[in-house]
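Colleague: what shape does this take:
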Amino acid sequence: MYQYLVNLYYRYIKGWGFFGNYKTWQAAAADCEGYDDAAILDSVVAAARAVKNGEAIYERDGFLFHEKQEIEHLTFWLNRVVDADERLSVLDFGGSLASLYHQHRNFLRQFFDMNWCVVEQPHFVGIGKKEFESDTLKFEYTITEAVEKYQPMSLLCQVFYNIWKNHTLGLMKQ
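Modeller: Residues are numbered from 1 along each chain as shown. You can find the predicted model right below:
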């Protein structure tokens, strides 16, 4: 009874949660809006353009941030994986339009040679290649392409579903 009341609270008062009786992940996904929704893409692109134009330091999921806020654990581990020549190569799987790259841009400038490669959904990669690529920031459609070009260490943030999806779609060979 308690769990039923908690579910009601979150569903009807808070307006969020996981609800429904679905036989497969695909059936549930077909009934949901997600990160592949055009409105989300438009919001993220607008925010990423604002970052590119210097109107914000970084964005995440379409929301702008105006104060520097690095993730200490991330900067610690990036420092640990730098090779002897001060080269850093990162594969940011599920990295949107390079949110973490922009969030840590000042920290990343210390490296002599740096590649940050985002692997994302095709519509994000297409816009990333067209509008946001630079000498150090790249976008690729598959993990395999990114690994072949940049030999990166991987950065996986909240992407377990995407790993499963890419594996089942044949986008990952390794």
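Colleague: ok, the residue lying closest to Phe132 once chain neighbours are set aside - how many residues close by?
Modeller: Computed as CB to CB, 6 or more residues apart in numbering, the closest residue to Phe132 that is not its neighbour in sequence is Leu97, at 5.8 Å. Any C-beta I mention is one placed from the backbone N, CA and C, and that applies to glycine too. Residues near Leu97, counting by other CB atoms under 10 Å, number 26.
Colleague: quick one: the strands in this structure?
Modeller: 58-60, 63-65, 87-93, 113-119, 137-140, 153-156 (DSSP state E).
Colleague: what's the second one packed up against?
Modeller: Which is strand 63-65. helix 38-52, strand 58-60 (3 or more CB pairs under 8 Å, 6 or more residues apart in numbering; DSSP states H and E).
Colleague: next, the contact list for Val125, please.
Modeller: If you count contacts by CB atoms under 8 Å, 6 or more residues apart in numbering, Val125 has them with 118-119, 139-141.
Colleague: now, the most widely separated pair of those?
Modeller: Spatially, the most separated pair among the contacts of Val125 is Val118 and Tyr141, at 10.4 Å (CB to CB).
Colleague: which one of the two has more residues nearby?
Modeller: Val118 (28 against 17).
Colleague: pLDDT score for that one?
Modeller: Looking at Val118, its pLDDT stands at 94.
Colleague: so which residue is dead centre in this structure?
Modeller: In the chain, the residue lying closest to the centroid (CA atoms, centre = their mean) is Gly95, at 2.0 Å.
Colleague: all helices of the protein, in order?
Modeller: Assigned by DSSP state H, the helices in the chain fall at 2-8, 25-30, 38-52, 72-81, 99-103, 105-108, 122-127, 143-150, 160-168.
Colleague: return the most buried member of these.
Modeller: Here the criterion is mean neighbour count by mean count of other CB atoms under 10 Å, and of the helices of the chain the winner is helix 99-103, at a mean of 23.
Colleague: for that helix, name the packing helices and strands.
Modeller: Here helix 99-103 touches strand 58-60, going by 3+ CB pairs under 8 Å, 6+ apart.
Colleague: touching, Asn115 and Val90? I think so.
Modeller: Yes: with contacts counted by CB atoms under 8 Å, Asn115 reaches Val90, the gap being 7.1 Å.
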